[in-house]
Each structure stands twice: as structure tokens, then as C-alpha cells.
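>>> 3D, please:
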Amino acid sequence: MICIIIYFCGSMKEDRLRLRFIINPHSGVNSKNLILDSIPMLIDGSKFQYEICFTEYAGHAEELARQAVESMVDAVVAVGGDGTVNEVARALIHTSTIFGIIPCGSGNGLARHLHIPTDVKKAIEIINAYQVKRIDYGKINGHPFFCTCGVGFDAYISSRFAQSQKRGSKAYVENVLKSFHSYKPEAYEIETESDSFACQAFLITCANASQYGNNAYIAPHASLCDGMMDVAIIEPFDIPEAIPLTIQLFTKHIDDNKHVRRLRCKKLHIHRTAPGCIHVDGDPVYADEDLCVEIIPDGIRVLKDKY
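Coordinates of the predicted model:
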């Protein structure tokens, strides 16, 4: 059963924009009660009428967003973490329905790149301002992504984190520390429009946005609007080198590290020795040994910070 609570704010003017908020009640760190209290108080009732939906299972957010598109809703707002954001956004690509975010996850990569704050009041102010821009998105073997996708250590951690009962940044760091010593770099064959080579890599990240989330800038110079993908290949490194690399990751200087190889391209083919886990905006997905990654320009319209 789909649980929908409908609120109509202000006068019943027919020319008001229609919003649908899709809330994942199980994601992230912000109180959903705070959000439910804030929407009626802060949303501009002279501009919007809205409804609130709650997800009940994996994939439900995408279903609710597709229903909104079919119902000619003007904008859909994802209230949740990166997984919820991805589900909603992939339903809105190449449609006229605008995508908004109230970030409630532990990472919030796309929201951070768009300068959408985790403060609920400020996030709703961005919705009220209704400033729209077109951004790119990517695909890896047909799976849409909006921040990053990749193979290697980060995909391995995504798989372990998905199986863990603990959530949040602390639990994620614990998984990283437990897995780091046992993880072995893998062999890859890489092909772009202009180059091909073989390499050993700790991880390969294909970035549309600048960060994974939590201000971990794996591609500090990436743009959502340039039609290009920023690829970071982190080559094997010794354990003592992990600390400076991590510092560079969080200070936007990872490109200065000697173990990081940077590519910029529109399409990328990755061949690995066997099928296995990849990550798509931080969520684990099982995929073949051959991975095709591409950027699709101007594929989705989003609400952004007015600056």
C-alpha cells in the first residue's frame, strides 16, 4: 500500500506549482518529525500546493517519482540520503519535472555539490526560491548515477556497509578501517575516446560531481554542467601513505598525490578480470567484468542554491 498524506497550503489558487515530497523514513540522521513540522510552516503557500509520500520498500521512491511525472507534478523533492536521491532523480531524467532535495543522509554528495544545506529551514528556502538549472548525469552499464560510480575499494566498502546494521559516518569509517588491510588492488584495462592502457588500481571512480559526500572530494574540479566525466584512478600505495591521501581527499588536494591518475572523458570502458560489485552513488550493484560508463549532458532539471 502506498502511504500518501496530502496537504494543501494557503488558498486554492489553480496556478500554484504542485510539489511532491518523497520521504524515506529510515534514511539518514535528520529527524523526519522535524521535517514534517517544518514543511507546513516554511513552504510558500502562495506559490505551492504539495503532497507528502513515504517510501515503504527499496525502489518505492522511484515508483512514487514516476507517478508524479505521470500526474504532471511540477517538482519532486527527495527527503533522504544518497540512495533516495538516486531513486527519485533517475525517475525524472529527460522529463519536465524538476528535482529538489532536502538532504538527510550521512553523505549527501549531490546536495553538497549543489550547495543545498542539511539545515531543513535553509533547504526549504531553496525550494521556495525555485531557481532551476540543468545538470548532467551518468550511466554505468545502464544504471544512472548523479554523483559518482566506481569499482575497487569504494565499491567493496559500499557492499559491506549495505550489509551492516549500523548507519551513519562513524559506521562507514569503521568499515573502511576494518577492510583496508585485507583489500587487494585489482588489474584493469581502461579505454577512453583517446587512450587505452592497463593498470593496477586500488579504486577507480567516475565522477559527475566533485565528491562522494561528507566533503570527501574525489574529483575537486568536476562540474555537473560540462558534459564531461572526471575519472580518478588511485594506484596501489603503502599503508603509511593512507593518512596523507585521506587528508588530501578532504582538503580538495587529492590530485596532488603521486598515486592518483586523472582522466577527463565522455565515455569510459573498464575491463576487469571477473564480475563483481560496483557502486552507483554509494549503493552496491553486481555487474559484469566489462563496464561502460558515459555522461549524458543536461539530462535533469534541479533546484539549486540561488547563488
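>>> where do the helices sit along the protein?
Along the chain, the stretches classed as helices by DSSP state H are 32-42, 60-70, 82-92, 109-113, 120-129, 153-163, 168-180, 242-250.
>>> turn the ones you listed into CSV, columns for mean neighbour count and distance to residue 258.
Just so you know, the C-beta spots here come from the backbone N, C-alpha and C atoms, and that holds for glycine as well. Converted to CSV, the helices of the chain look like this (neighbours: other CB atoms under 10 Å; distance: least, CB to CB, whole Å):
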stretch, mean neighbour count, distance to residue 258
helix 32-42, 15, 44
helix 60-70, 20, 41
helix 82-92, 26, 30
helix 109-113, 26, 26
helix 120-129, 18, 39
helix 153-163, 20, 18
helix 168-180, 14, 19
helix 242-250, 14, 10
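>>> tell me where the model's unsure across the stretch 1-150 of the chain.
Where the stretch 1-150 of the chain drops to pLDDT under 70, the residues are 1-14, 28-31.
>>> same question for the stretch 201-307 of the chain.
Filtered on pLDDT under 70, the stretch 201-307 of the chain yields the residue ranges 307.
>>> go through the helices of the chain and name the closest to residue 20.
helix 60-70 (4.5 Å; CB to CB).
>>> tell me which of the helices of the chain sits nearest to residue 303.
Evaluated with CB to CB, the helices of the chain place helix 120-129 nearest to residue 303, the distance being 5.9 Å.
>>> export that closest one to PDB, keeping only CA atoms.
In PDB, the C-alpha atoms belonging to helix 120-129 read as follows (Å, rounded to 0.1, in the frame of the first residue of the first chain):
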ATOM      1  CA  VAL A 120      15.900  21.900   6.900                       C
ATOM      2  CA  LYS A 121      14.900  25.500   7.000                       C
ATOM      3  CA  LYS A 122      17.600  26.600   4.600                       C
ATOM      4  CA  ALA A 123      16.900  23.600   2.300                       C
ATOM      5  CA  ILE A 124      13.200  24.700   2.100                       C
ATOM      6  CA  GLU A 125      14.300  28.200   1.400                       C
ATOM      7  CA  ILE A 126      15.900  26.900  -1.800                       C
ATOM      8  CA  ILE A 127      12.700  25.200  -2.800                       C
ATOM      9  CA  ASN A 128      10.800  28.400  -2.200                       C
ATOM     10  CA  ALA A 129      13.300  30.400  -4.300                       C
END
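>>> what does that helix rub up against?
Applying CB atoms under 8 Å, 6 or more residues apart in numbering, the contact partners of helix 120-129 are 19, 30, 34-35, 38-39, 42-44, 47-48, 75, 77, 100-103, 111, 116-117, 303-306.
>>> just to revisit the earlier point, can I get the helices of the chain in TSV with distance to residue 195?
As requested, the helices of the chain are exported to TSV (distance: least, CB to CB, whole Å):
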stretch	distance to residue 195
helix 32-42	46
helix 60-70	35
helix 82-92	29
helix 109-113	27
helix 120-129	39
helix 153-163	23
helix 168-180	30
helix 242-250	24
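>>> so which of those gets nearest residue 285?
Shortest distance between residue 285 and the helices of the chain, using CB to CB, is found for helix 153-163: 8.5 Å.
>>> ok, residue 251 to residue 198 distance?
31 Å (CB to CB, to the nearest Å).
>>> who has more neighbours out of these two?
Neighbours were counted for residue 251 and for residue 198 using other CB atoms under 10 Å; residue 251 has more, 12 against 9.
>>> quick one: that one from residue 65, how far?
Residue 251 is 35 Å from residue 65, by CB to CB.
>>> what's the single longest strand in the chain?
strand 290-303 (DSSP state E).
>>> so which elements touch that one?
Contacts defined by 3 or more CB pairs under 8 Å, 6 or more residues apart in numbering; DSSP states H and E place strand 290-303 against helix 82-92, strand 98-103, helix 120-129, strand 132-140, strand 229-234, strand 267-272.
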